[in-house]
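>>> How does the following fold in three dimensions:
(one chain, ligands or ions: 1)
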Amino acid sequence: MKPPKFDYHAPKSVDDALALLERYGGDAKILAGGQSLMPLLNFRLSRPAALVDLNRIPSLAYIKEVDGRVSLGAMTRQRAIEFSPVVKDRLPLLREATRWVGHLPIRTRGTIGGSIAHADPSAEYPAVLTALEGEVVTRSPRGERVIKAADLFQTYLTTNLEADEVVVEVRLPAMPAGAGYALEEFARRHGDFAIIGIAAMVVRDGPRCKSARLATAGAGPVPLRLRAAEEILERDGLGESAIEAAARRASELVSPDSDIHASSDYRRHLTGVLTRRALTRALGVARG
Ligand SMILES: Cc1cc2nc3c(=O)[nH]c(=O)nc-3n(C[C@H](O)[C@H](O)[C@H](O)COP(=O)(O)OP(=O)(O)OC[C@H]3O[C@@H](n4cnc5c(N)ncnc54)[C@H](O)[C@@H]3O)c2cc1C
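Numbering: from 1, shown residues only. As a prediction, the model looks like this:
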């Protein structure tokens with residue numbers, strides 16, 4: 001199918017993009033990599049009056065580290081993230097997650113801002129943003145807003161972004177040196193969205209766990225932080241029995257919906273299995 005007719009605009013600045021969004025009063029859609037939006041248009045699941053294409057605003061694509069924080073422009077392509085030395089050194093969990101995102105042509109067009117704004121519950125970037133307590137910076141006619149990951153995702157494919165609000169930057173605290181990390185995922189075929197994904201980070205201090213981070217993809221309408229499972233590790237350390245207990249707790253913390261891909265019980269079971277695997281692998285690369 002082809003999309004219904006729409007106006008097309010390619011502004012050269014964020015200010016111009018904001019003016020266009022305001023002009024259409026909520027009936028325009030932002031176009032980033034188009035990897036999620038174009039299928040929605042072609043299936044006529046979305047029928048905006050206009051597209052506001054951000055691809056002619058080069059100032060929205062960058063990766064930089066400032067004061068222990070990595071800032072990524074919203075239009076930074078997933079492929080640029082995959083090969084960024086800054087991401088490799090300071091956000092290796094994000095790098096690992098990127099390799100699970102679709103296939104090469106999708107990552108070549110898809111952007112970090114688009115992936116987060118689209119808020120697919122099975123997507124990897126929202127899980128990493130949640131695990132690492134990142135935030136997004138937005139602009140709208142009302143000014144700039146900084147939204148924490150915990151406040152951003154509302155339900156399936158829904159964030160608290162307004163229709164005239166543009167994500168301009170994604171910010172993630174740099175991971176502590178020596179932190180262990182892993183993203184474990186199960187999908188029927190490589191490149192498919194995850195049935196379940198688990199993003200994990202552990203910071204160790206000998207046998208003790210200074211801090212643990214666990215977040216899900218695919219285990220509910222939004223990415224979930226598994227705080228009660230993290231607490232087990234922070235209290236009991238990183239031995240096999242603590243990892244086992246944390247994995248068990250993780251599966252109790254989620255109540256996923258059933259769908260054509262997997263039942264709720266199966267997703268819950270996978271949450272435990274993948275939490276154990278992610279923690280074991282994270283521990284394997286942790287130093288300190
Ligand atoms: C075959 C296939 C497999 C895929 N597999 C995966 C996968 O395994 N994991 C995964 O995470 N993703 C997967 N994707 C999706 C892909 O990662 C997309 O790139 C991503 O979801 C959306 O990013 P985009 O830049 O293409 O955004 P677009 O498709 O252009 O936009 C998506 C939505 O976000 C909004 N938006 C975009 N940018 C902004 C912004 N700066 N501010 C506010 N709103 C904005 C748009 O208006 C739209 O509603 C897959 C896609 C395909 C086609």
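>>> for the chain, longest helix please?
helix 264-285 (DSSP state H).
>>> Quick check: mean pLDDT of that one?
In this model, helix 264-285 has a mean pLDDT of 97.
>>> Likewise for stretch 205-220?
When pLDDT is averaged over stretch 205-220, the result is 95.
>>> Same check on stretch 71-81?
Stretch 71-81 comes out at a mean pLDDT of 98.
>>> From Phe193, how far off is Gln78?
14 Å (CB to CB, to the nearest Å). All C-beta atoms are positioned from the backbone trio N, CA, C, and that covers glycine.
>>> How about the residues of the stretch 51-200 of the chain by the ligand?
Counting by CB under 6 Å from any ligand atom, the residues of the stretch 51-200 of the chain close to the ligand are 54, 74, 100-102, 106, 109-111, 113-115, 117-118, 120, 123-125, 161, 166-167, 191, 193.
>>> Look at Arg227 and say how many residues are nearby.
14 (other CB atoms under 10 Å).
>>> pLDDT score for it?
Value listed for Arg227 in the pLDDT field: 98.
>>> circling back to that earlier point, which one's more surrounded, Gln78 and Phe193?
Gln78 (26 against 19).
>>> Now do the same contact list for the closest residue to Gly284 other than its chain neighbours.
In space, and not counting its chain neighbours, Gly284 is closest to Gly180: 7.0 Å by CB to CB, 6 or more residues apart in numbering. Counting by CB atoms under 8 Å, 6 or more residues apart in numbering, Gly180 makes contact with Ala200, Met201, Val202, Val203, Arg204, Arg281, Ala282, Leu283, Gly284, Val285, Ala286, Arg287.
>>> Which strand residues bridge Gly180?
Under DSSP bridges, the beta-bridge partners of Gly180 are Val202.
>>> For it, give its distance to Asn42.
For Gly180, the distance to Asn42 - CB to CB - is 42 Å.
>>> Tally up the residues packed near the residue of the stretch 151-288 of the chain found nearest the ligand, please.
As assessed by CB to the nearest ligand atom, the ligand sits closest to Val167 within the stretch 151-288 of the chain, at 3.6 Å. Neighbour count of Val167, defined by other CB under 10 Å: 27.
>>> what does the helix or strand containing it rub up against?
Using DSSP states H and E, Val167 maps to strand 166-173. For strand 166-173, the external contacting residues (CB under 8 Å, 6+ apart) are 14, 17-18, 21, 30, 54, 60, 68-74, 91, 94, 112-113, 116-117, 128-129, 132-140, 146, 161.
>>> Inside strands: which ones of those residues?
30, 69-73, 135-140, 146 (DSSP state E).
>>> Which members of the residues you listed are classed as buried?
Buried residues within the ones in strands among the contacts of strand 166-173, counting neighbours by 16 or more other CB atoms under 10 Å: Ile30, Val70, Ser71, Leu72, Gly73, Glu135, Val136, Val137, Thr138, Arg139, Ser140.
>>> Can you name the residues that contact the second one?
Spelled out, that is Val70. Ile63, Lys64, Val86, Val87, Arg90, Leu91, Arg171, Leu172, Pro173, Ala174.
>>> pLDDT (mean, whole number) over the host helix or strand of the second one?
Yep, that's Lys64 we're talking about. Assigning secondary structure by DSSP H and E places Lys64 in strand 63-66. When pLDDT is averaged along strand 63-66, the result is 96.
>>> repeat for stretch 172-186
Averaging pLDDT along stretch 172-186 gives 97.
>>> what about it, how long is it end to end?
25 Å (CA to CA, to the nearest Å).
>>> now that stretch: how far from the chain's centre is it?
13 Å (CA atoms, centre = their mean, to the nearest Å).
>>> and the gap between the residue lying closest to Phe43 once chain neighbours are set aside and the ligand?
Nearest non-adjacent residue to Phe43, counting by CB to CB, 6+ apart: Met1, 6.3 Å away. Met1 sits at a distance of 16 Å from the ligand (criterion: CB to the nearest ligand atom, to the nearest Å).
>>> Need the pLDDT of Met1.
With respect to pLDDT, Met1 has a value of 75.
>>> The one 10 residues further on too?
Per-residue confidence at Pro11 stands at 98 (pLDDT).
>>> ok, the residue nearest to Leu152 when sequence neighbours are not counted - contacts?
Distances taken as CB to CB, 6+ apart place Thr159 nearest to Leu152, at 5.1 Å, with adjacent residues excluded. Residues near Thr159 by CB under 8 Å, 6+ apart: Ile116, Ala117, Ala119, Leu152, Phe153.
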